[in-house]
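Asks: Got a predicted structure plus its sequence, pasted below:
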Amino acid sequence: MRAHGHEPWLYTFDMVGALGDHADRAAVIGHTVEALLAAAPWIAPKELAALTDPADTGLHRLLRDAGVRLREVADRPDLTCWQYGDGYPLEGRGCTLVAPVRGRPCCSAECGPGCDCGRVQEIGNIILVRGARRSYVETAFGVESVRALAHGGDLYALPELARECARLVALGYSDARARQVVNLRRVLERLHRDGARPSGRGPGHVMRDMVKSAFDLVTGGGGDWGAGVERCSLGPVVTGLLRDEGLRRETSRERSVRSAARLVRRRAGSGRPVGRDELRGTFGLSTEDAQEVLAAASSPAAE
């Protein structure tokens, strides 16, 4: 299972979980907690906690039976309620499971689940889903989020991501920039593997925006974009996407420069000369390209 997140989280991450009938909710929750603790020995059983709504007393009993500590959080629907689309006949109530980062000390005597210091982090959810025809329980945990607890709570400290970030930093990228490049590389590869391609609508539109962001981060918007793309070595899929974006931009730039030059020629001698800012605003030219168009139009060779 995969889910998709937003910065500063990974844009795409793995999830593991379980689905079960509502009648089996106690067993599903118990087995899920048992499996989580077995797979992540850096989480001590007594440190696993659930952020729950005070009104969900039935869920409280199930969690206590599974050995999970409770921390009641009123008026936090983002942690305890789930919607499944407008008009969709399903709603979910549940909890957000949290655990502490290994080795990070408490910030105070009151430090614990719900504290803002970042020592305790969200790792998954248990949701009781109810509908007109069927009710069930679902559980899910972010694989990278659980693993990160053993690496200081930093997703980019996971060995495979840390190596890639370090390689980019060695090429001269800042740490923040390297992380975002890695983030985009991962999601673009997965979108491509799932059949998405850059386009003007749907998933393709999202993918195109991500390709644009990755291109700007990798090349810095400079002229020799090809060298930057090749130097980063982001794998055949992403390298191909970035090459296509570079060629698309070159073609678009050439077309815009020609259109701008035509406008300058038409307006010459009309008393309404074209300025640099107008060329930039109308055709999306860079300051340098706009100046070159104007200089070429005013040169003797253009007479």
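Replies: Sure, I can see it.

Asks: distance of the closest residue to Glu34 other than its chain neighbours from Val218?
Replies: Closest residue to Glu34 apart from its sequence neighbours, by Cβ to Cβ, 6 or more residues apart in numbering: Ala66 at 7.9 Å. All C-beta atoms are positioned from the backbone trio N, CA, C, and that covers glycine. Taking Cβ to Cβ, to the nearest Å as the measure, Ala66 falls 46 Å from Val218.

Asks: follow-up on the earlier one: I'd assumed Val33 was in contact with the residue nearest to Glu34.
Replies: Yes - under the criterion of Cβ atoms under 8 Å, Ala66 makes contact with Val33 at 4.5 Å.

Asks: And the helices in the stretch 151-300 of the chain?
Replies: Taking DSSP state H, counting those that start in this stretch as the criterion, the stretch 151-300 of the chain carries its helices at 159-170, 175-193, 202-219, 225-232, 236-267, 276-283, 287-298.

Asks: One more: the stretch 1-150 of the chain?
Replies: Along the stretch 1-150 of the chain, counting by DSSP H, counting those that start in this stretch, helices occupy 25-39, 57-65, 77-80, 143-148.

Asks: quick one, phi psi at the residue nearest to Glu34?
Replies: Main-chain torsions, Ala66, degrees, to the nearest 10: phi -90, psi 0.

Asks: Show me the beta-bridge partners of Arg130.
Replies: Beta-bridge partners for Arg130, by DSSP bridges, are Glu91, Ser135.

Asks: What's the local residue count around it?
Replies: Neighbour count for Arg130, taken as other Cβ atoms under 10 Å: 14.

Asks: so it makes contact with Pro89?
Replies: No - contact criterion Cβ under 8 Å: Arg130 and Pro89 do not qualify, at 9.3 Å.

Asks: Tell me if I'm right that Leu168 and Cys232 touch.
Replies: Yes - with contact defined as Cβ under 8 Å, Leu168 counts as touching Cys232 (6.8 Å).

Asks: between these two, what contacts are shared?
Replies: Residues within reach of Leu168 and of Cys232 at once, by Cβ atoms under 8 Å, 6 or more residues apart in numbering, are Val181.

Asks: quick one: low-confidence parts of the stretch 101-250 of the chain?
Replies: 114, 221-223 (pLDDT under 70).

Asks: and with 90 instead?
Replies: In the predicted model of the stretch 101-250 of the chain, residues 103-119, 130-134, 200-203, 220-224 satisfy pLDDT under 90.

Asks: Ile123 and Gly92, how far apart?
Replies: 18 Å.

Asks: Repeat that for Asp289.
Replies: As judged by Cβ to Cβ, Asp289 and Gly92 stand 53 Å apart.

Asks: Likewise for Leu171?
Replies: 45 Å.

Asks: If you count surrounding residues, which of the two has more?
Replies: Set Leu171 next to Gly92 and count neighbours by other Cβ under 10 Å: Gly92 wins out with 20 against 13.

Asks: Please name the residues that touch that one.
Replies: Counting by Cβ under 8 Å, 6+ apart, Gly92 has contacts Cys81, Trp82, Gln83, Tyr84, Ile127, Leu128, Val129, Arg130, Glu138.

Asks: now, among the residues you listed, which is nearest to Glu189?
Replies: The shortest gap between Glu189 and any of the contacts of Gly92 belongs to Glu138, at 27.0 Å (Cβ to Cβ).

Asks: That closest one reaches His22, doesn't it?
Replies: No - with contact defined as Cβ under 8 Å, Glu138 does not reach His22; the gap is 10.6 Å.

Asks: Surely Pro203 touches His192?
Replies: No - using Cβ under 8 Å, Pro203 is not in contact with His192; the gap is 10.8 Å.
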